[in-house]
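Q: Build the 3D model from these lines:
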Amino acid sequence: MKNILEQLTDLLKKDERLVSQDGILLKNQTQELVRKNDPELIKLLLSNKAIKQHFFFEVENTLIFDKEKFIRFVSNKQFLPDSYTAFKNKIGLTDGDEYVSENKEVVLAWPYKDCVLEGGMTKEDQKRDEIFYNETLAPDDINRLLDAKVFTNFKRIDKKGEHKLDGFNRDEKGTIKDNLIIKGNNLLALASLKKEFAGKVKLIYIDPPYNTGNDGFRYNDSFNHSSWLVFMKNRLEIAKNLLNEEGTIAISIDQNEIIYTQLLCEEVFGQNNRKNIITIKRSSVSGAKVINPGVVNVSEYLVLYCKNPASWKPNKVYRKKERDERYNSFIVNYEKNPENWKFSSVLEAWALSLGIEKSKLKKHLKEEYEQQLEEFYFQNSDRIFQFVTLDNNAVSDAVIKIKEKSERDDSKVYILEREDKLNYYIFKGKALLFLGNRLLEIDGKKVFAEMITDIWDDVLPNDLHNEGGVSLKKGKKPEKFLQRIVQLLTKEADVVLDFFAGSGTAGAVAHKMARQYILIEQMDYIHDLPESRLKNVINGEQSGISKAVNWKGGGDFVYMELAKWNEAWIEKIEKAKTGKELAKLWDEMKKTAFFSYKVDPKTIDANAKEFADLSIADQKKFLIECLDKNQLYINLSEIEDKEYGVSKEDQKLNKGFYGK
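A: Just a heads-up that it's a prediction; the model follows:
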């Protein structure tokens, strides 16, 4: 017969809300639902006779739930004994007279609407065996977290290499015009950009973690939906303030989070600010995915929301399309007076130019038929046209008059000349629509073109792995894809921001297209990926869109980092391999780290043995939770405090950046 502890544990695990992804019972969440008198949980407790007798009592035939008794019971260290939670309860982490785990205002394991989520980053290729934290801070824990931070490790990079930064370039309005690559937590970096760039960014493009567990970058890409939404919401709220009135945010996302992304954006930006949801073909129907049941998934999405619908003015963008076969007529004597033009079919004119009978063209040219025919079209685009019917309701009275004349007289072409507009050429009541006026230059070539739609199936290059000269083979977005977004939503010199910089595609495309850019990335691969890639761009690398935009190299960017404080301790904790290393770190942390106000180091020291009995992963997790997250990086207001050791040179550059 199971005891009451075992029965309650088994019973609570039937409620999926109370169990973590790795099967651990979530005591804090259980207590929170009990405090709210959650009907489903109470119904579950009543379903077990022993549990019912233990936690419920009758008063005049009314069953009463002894809520406090239940909370005390699950808070007891014997409930899930020897666990990480039991250790935390034992040593404190107090909030006033209550343990944090019992305080409904601070729940570290679950995000709430007003929380700020600190996303822990992991190395997917190491099978997630290192420290991982996905921490939510309650409002009472947040005071200076989003204050402007100190920057350090400044350098300017151009074709000649790396140089000490001697100051920022500003325009006549006083705005910084340098391209920026910033290393540090993207939430805090965004908050630090507000003073200088609020209302100045034209385009924000982000390719965030997709919540699939399969992302090629080393972010924690397996948040649960609620955590993921809070993680995104905090960043989008700040990002919105950076957009100017004509600005747009463009978010790449897949089917796992498209619905949640849309709902989130409509909360932050407003339903009326949604402009497009574009479907992107990301792969072909091949490989392992065709084995999966159901329809083969080859799509991703691009979600567009604007800052102000009244000011939103995207550019017209065109894409290459197949040859329009309606342009099938040819002017034989184009050099003559238009009134005396004579016509033939395009194929007849082409055959005549080659000295081949029309009926034998395909047989003679074989596989070169389509290519040579298209070349003939482009070479003779001024002579090739189609006849179109004129709608009397859509043209002027002058056009109608000429049209009626031509219908009565089919001996010549009638001409209606117009200032600042194309002339009308009309024959037998129909207008001549010339191919030359319909071709557009795309990627440096004249092509048949049409306006883009909300389905993009032409932005997946074959050589994506080699783009930018960086090694990442999975997770990169094609430069051609970013080129289209930048063409649609910006003009030269506009500011483009990407705060999930990844491999740096947005920055590379912006640089080649003469846009200013700001990239933010927290991970150390910032040096191997975006920084290295932008160096390649400056040196004139020719992958991606380089040939299409005639890129020759040049330009520069400024690299800088958020100045670490508690973040440096977190990195040391994550790198530690043994309990001895962590114990030594704890002794060092007590000297200079900033602890949460809930932490009493003396109480922790008094329970050192129980701390040592925890797994290495739980020891790391605990030490990270002890740190005050408001002090991850050095606050700008404390830049002159000698304790932080900010150099005079960095102080000067920070004052230059913040305009002080």
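Q: Just the mean pLDDT for the lengthiest strand in the chain, thanks.
A: Using DSSP state E, we find that the single longest strand of the chain is strand 243-253. Mean pLDDT, computed over strand 243-253, is 97.
Q: What are the contacting residues of it?
A: If you take CB atoms under 8 Å, 6 or more residues apart in numbering as the criterion, strand 243-253 is touched by 199-208, 210, 236, 239-240, 261, 265, 269, 275, 280, 300-308, 311-314, 477, 485, 489. Any C-beta I mention is one placed from the backbone N, CA and C, and that applies to glycine too.
Q: Any stretches of the stretch 151-300 of the chain with poor pLDDT?
A: Along the stretch 151-300 of the chain, segments meeting pLDDT under 70 span 210-227, 286-292.
Q: Can you list the low-confidence ranges for the protein?
A: In the chain, residues with pLDDT under 70: 1-3, 21-22, 76-141, 210-227, 286-292, 461-463, 471-475.
Q: how does it divide into domains?
A: 1-76, 151-317+454-562, 329-445 (automatic domain parsing).
Q: Adding mean neighbour count as columns, could you present the ones you listed in JSON lines?
A: Formatted as JSON lines, those follow (neighbours: other CB atoms under 10 Å):
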{"stretch": "domain 1-76", "mean neighbour count": "14"}
{"stretch": "domain 151-317+454-562", "mean neighbour count": "19"}
{"stretch": "domain 329-445", "mean neighbour count": "14"}
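Q: Include distance to Ser637 when you put those into TSV, please.
A: Converted to TSV, the domains of the chain look like this (distance: least, CB to CB, whole Å):
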stretch	distance to Ser637
domain 1-76	33
domain 151-317+454-562	12
domain 329-445	49
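Q: quick one: which of those is nearest Gly579?
A: For the domains of the chain, the distance to Gly579 is smallest for domain 1-76, at 21.4 Å, taking CB to CB.
Q: Off-centre distance for the closest one?
A: Offset of domain 1-76 from its chain centre (CA atoms, centre = their mean, to the nearest Å): 41 Å.
Q: Tell me where the stretch 451-600 of the chain has strands.
A: 455-456, 495-498, 516-521, 557-562 (DSSP state E, counting those that start in this stretch).
Q: before we move on, the earlier item: for Ala568, find the nearest of the domains of the chain.
A: Taking these one by one with CB to CB, domain 151-317+454-562 is closest: 10.8 Å.
Q: Tell me the neighbouring strands of the longest strand of the chain, and mark each as parallel or antiparallel.
A: strand 201-206 (parallel), strand 299-306 (antiparallel) (DSSP bridges).
Q: which ones are touching Ile573?
A: Ile131, Leu582, Leu585, Lys620, Leu623, Ile624.
Q: mind putting these in TSV, neighbour count and distance to Tyr334 included?
A: TSV is the format used below for the contacts of Ile573 (neighbours: other CB atoms under 10 Å; distance: CB to CB, whole Å):
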residue	neighbour count	distance to Tyr334
Ile131	20	74
Leu582	21	84
Leu585	19	83
Lys620	22	78
Leu623	23	81
Ile624	19	77
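Q: can you pull the contacts of Trp341?
A: Trp341 makes contact with Ile331, Val332, Asn333, Tyr334, Val413, Phe427, according to CB under 8 Å, 6+ apart.
Q: same deal with Gln372?
A: Leu365.
Q: Which strand or helix spans it?
A: Secondary structure assignment for Gln372, by DSSP states H and E: helix 369-379.
Q: roughly how far is that helix from the heart of the chain?
A: With CA atoms, centre = their mean, you get 41 Å for helix 369-379.
Q: Which phi and psi values does Asn437 adopt?
A: phi -80, psi 0 (degrees, to the nearest 10).
Q: Among the contacts of Ile573, which lie within helices?
A: Counting by DSSP state H, the contacts of Ile573 place Leu582, Leu585, Lys620, Leu623, Ile624 in helices.
Q: returning to that earlier point: the helix or strand just after the longest strand of the chain vs strand 243-253, what angle?
A: Downstream of strand 243-253, the first helix or strand assigned by DSSP H and E is helix 258-268. Between helix 258-268 and strand 243-253, the angle comes out at 170 degrees (axes from the mean of the first three to the mean of the last three CA atoms, to 10 degrees).
Q: moving C-terminal of helix 258-268, what's the next helix or strand?
A: Counting by DSSP H and E, what follows helix 258-268 is strand 274-281.
Q: Quick one: list the elements packing against that next one.
A: Judged by 3 or more CB pairs under 8 Å, 6 or more residues apart in numbering; DSSP states H and E, strand 274-281 is in contact with helix 258-268, strand 299-306, strand 455-456.
Q: Keeping just the C-alphas, turn stretch 304-324 into CSV.
A: What follows is stretch 304-324, C-alpha atoms only, in CSV (Å, rounded to 0.1, in the frame of the first residue of the first chain):
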residue,chain,number,x,y,z
LEU,A,304,5.0,41.9,-41.4
TYR,A,305,3.7,44.4,-38.9
CYS,A,306,4.1,48.2,-39.3
LYS,A,307,4.5,51.0,-36.7
ASN,A,308,1.9,53.3,-38.2
PRO,A,309,-0.5,52.1,-41.0
ALA,A,310,-1.1,55.7,-42.1
SER,A,311,2.6,56.2,-42.7
TRP,A,312,3.5,52.8,-44.1
LYS,A,313,4.7,53.1,-47.7
PRO,A,314,6.5,50.0,-49.0
ASN,A,315,8.3,50.0,-52.3
LYS,A,316,7.1,48.2,-55.4
VAL,A,317,9.2,45.1,-55.9
TYR,A,318,9.2,42.9,-58.9
ARG,A,319,10.3,39.3,-59.5
LYS,A,320,11.4,37.5,-62.6
LYS,A,321,8.7,35.4,-64.3
GLU,A,322,8.4,33.1,-67.3
ARG,A,323,8.2,34.7,-70.8
ASP,A,324,4.8,36.1,-71.5
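Q: Need the residues that contact it.
A: 240, 243-251, 265, 269, 272-278, 374, 377, 386, 438, 440, 442, 447-452, 458, 484, 487-489, 491.
Q: Name the nearest residue to Lys362, ignoring sequence neighbours.
A: Tyr369 (5.2 Å; CB to CB, 6 or more residues apart in numbering).
Q: From what I see, that neighbour and Leu361 are in contact.
A: Yes - counting by CB atoms under 8 Å, Tyr369 touches Leu361, with 6.6 Å between them.
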